[in-house]
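Engineer: quick one, what's the 3D model for this:
(chains A and B)
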2 protein chains.
Amino acid sequence: MDIYDAIKKRRDVRSWFSNEKIPDETISKILLAGHYAPSVGLSEPWNFIIIKDINTRKKIKELVDKKRSEFYNSLPEDKKEKFEKIKIEGIIESYANIAVTCDFNRKSPNILGRTFIKETSEYSTVLAIENMWLAARSENIGIGWVSFFNPEDVKKILNVPDEIKLVAYLTLGKLTEYHNKSELEEKHWEKRHNLSEYIFMDKWNNKPDDNFMNIIKNSML
Amino acid sequence: MDIYDAIKKRRDVRSWFSNEKIPDETISKILLAGHYAPSVGLSEPWNFIIIKDINTRKKIKELVDKKRSEFYNSLPEDKKEKFEKIKIEGIIESYANIAVTCDFNRKSPNILGRTFIKETSEYSTVLAIENMWLAARSENIGIGWVSFFNPEDVKKILNVPDEIKLVAYLTLGKLTEYHNKSELEEKHWEKRHNLSEYIFMDKWNNKPDDNFMNIIKNSML
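Structural biologist: Next up, the predicted model:
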């Protein structure tokens, strides 16, 4: 698939997962796409825990269900109504889950580029996740990133050591439907803004000239 | 460009930048690729500051040069020798720099998916950066991520408000040479490991069965 196509068509999927088998070769290719990501000082701080076991997934879904209620209760009335219609995870219906972690001690000490910004290790892990997301899209596999839990609770279920950070919990599966818009847009939770709102030139709050602004406003992938 | 090709051929570039003009349309397309990234609760927490001004870039290079010496002095002798040969930034030689920031308050309160993991905002910004990196690669433009500074010092130079986090400082330019390996590998600073070292099944430290492990070991993009 063309790179721009994959970027445009990538969705964060929660509904419409099928649990149809994904061949090990395909999962492996998606993980390898992640492994090809840039990492600070070539530290490759990532681990990938593939979770197929349904009992493990049920335990994690329980954590998510609790936090979903907490979030729901915190919302104002108009937001509550919208949130009710939104699915926030496909932990059980997807074919597999993948927990992605970050090991700050991998290849340390002297990690080149990490000394003054410790987060660059976590950021490397996130770069790997975007590669996986795009690779999955090109294989017609949807990925959803689930974040309604306390990461320490998930780490306990997966036996992840204290010093390792859980960066993401992903769900993967073939799809029964493909939607062109994100579920949050479709269900009127939130809107996309035009890129031009987010661009400055040389300094914060300094907008590019009109010519460049027009190019940005009308840019398409 | 094919998605797997872009992922394989993406490099973190410091040497071999040309300052040949990149058309505004191309820069705009690369930024739009970033803007298409997934973001927690569709919060789009990113801003992109395009830095063409040479005086601003000189000030940032000064910060980097200082931190380069600090890092050099902290190294054991054998590492010092290797590090001397490694270029860590192309701030001046590249065509433009782009600072990428994260606004934790964008579209808040009630950011869906952010309540229990605040870092998901920064992570969204990093997902955008990987999209930009791959889009740039497909346009034959190299990107290098510079991280040898205290982010607060860079924020001061760019007038970035206190509450906004600087996530990345990128340098962009056409290339005079393309290398198949990362500079850190070429100069024997660090090695890539096989993906199979980083994979677990269902729980931390539990390796997949031999069949799956062989598939992972022999996987190719």
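Engineer: switch to C-alpha atoms for all contacts and neighbour counts from now on
Structural biologist: Fine.
Engineer: need the residues that contact stretch A:51-67.
Structural biologist: Contact with stretch A:51-67 is made by A:91-92, A:95-99, A:147-149, A:153-154, A:157-158, B:201-203, as judged by Cα atoms under 8 Å, 6 or more residues apart in numbering or on different chains.
Engineer: check which helices and strands the host helix or strand of residue A:79 sits against.
Structural biologist: Assessed by DSSP states H and E, residue A:79 sits inside helix A:77-84. Counting contacts by 3 or more Cα pairs under 8 Å, 6 or more residues apart in numbering or on different chains; DSSP states H and E, helix A:77-84 packs against helix A:54-74.
Engineer: list the buried residues of the helix it packs on.
Structural biologist: A:56-57, A:60-61, A:63-64, A:67-68, A:71-72 (16 or more other Cα atoms under 10 Å in any protein chain shown).
Engineer: do the same with stretch A:132-149
Structural biologist: A:132-139, A:141-149.
Engineer: the spatially most central residue of chain A bridge partners, please.
Structural biologist: Nearest to the geometric centre of chain A sits residue A:145, at 4.2 Å (Cα atoms, centre = their mean). Assessed by DSSP bridges, residue A:145 has beta-bridge partners residue A:170.
Engineer: so it touches residue A:168, yeah?
Structural biologist: Yes. Using Cα atoms under 8 Å, residue A:145 makes contact with residue A:168 at a distance of 6.7 Å.
Engineer: could I get the full set of helices for chain A?
Structural biologist: Along chain A, the stretches classed as helices by DSSP state H are A:3-9, A:24-35, A:54-74, A:77-84, A:120-138, A:151-157, A:183-186, A:210-217.
Engineer: what sits up against the fourth one?
Structural biologist: Read it as helix A:77-84. Applying Cα under 8 Å, 6+ apart, the external contacts of helix A:77-84 come out as A:72-73, A:187-189.
Engineer: picking up where we left off before, mind checking which of the contacts of stretch A:51-67 are buried?
Structural biologist: Of the contacts of stretch A:51-67, these count as buried by 16+ other Cα under 10 Å: A:91-92, A:95-99, A:147-149, A:154, A:158, B:201-203.
Engineer: next one: phi and psi at residue A:209?
Structural biologist: phi -70, psi 170 (degrees, to the nearest 10).
Engineer: what would the contacts of helix A:77-84 look like in a markdown table with pLDDT?
Structural biologist: Conversion of the contacts of helix A:77-84 to a markdown table gives the following (pLDDT from 0 to 100):
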| residue | pLDDT |
| --- | --- |
| A:72 | 98 |
| A:73 | 97 |
| A:187 | 95 |
| A:188 | 95 |
| A:189 | 96 |
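Engineer: nearest to chain B, of those?
Structural biologist: The nearest member of the contacts of helix A:77-84 to chain B, counting by Cα to the nearest Cα, is residue A:189 at 8.5 Å.
Engineer: where's residue A:139 relative to residue A:1, distance?
Structural biologist: 8 Å (Cα to Cα, to the nearest Å).
Engineer: wait, I meant residue A:114
Structural biologist: As defined by Cα to Cα, residue A:114 lies at a distance of 34 Å from residue A:1.
Engineer: ok, now residue A:46?
Structural biologist: Counting by Cα to Cα, the gap from residue A:46 to residue A:1 is 26 Å.
Engineer: higher neighbour count, these two?
Structural biologist: residue A:46 (29 against 16; other Cα atoms under 10 Å in any protein chain shown).
Engineer: domains in chain A, by residue range?
Structural biologist: What automatic domain parsing lists as the domains of chain A is A:3-189, A:191-221.
Engineer: among the contacts of stretch A:51-67, which lie within strands?
Structural biologist: A:96-99, B:201 (DSSP state E).
Engineer: residues in contact with the residue nearest to residue A:167 when sequence neighbours are not counted?
Structural biologist: Residue nearest to residue A:167 in three dimensions, not counting chain neighbours: residue A:101, with 5.2 Å by Cα to Cα, 6 or more residues apart in numbering or on different chains. Applying Cα under 8 Å, 6+ apart to residue A:101 gives the contacts A:45-48, A:125, A:164-168.
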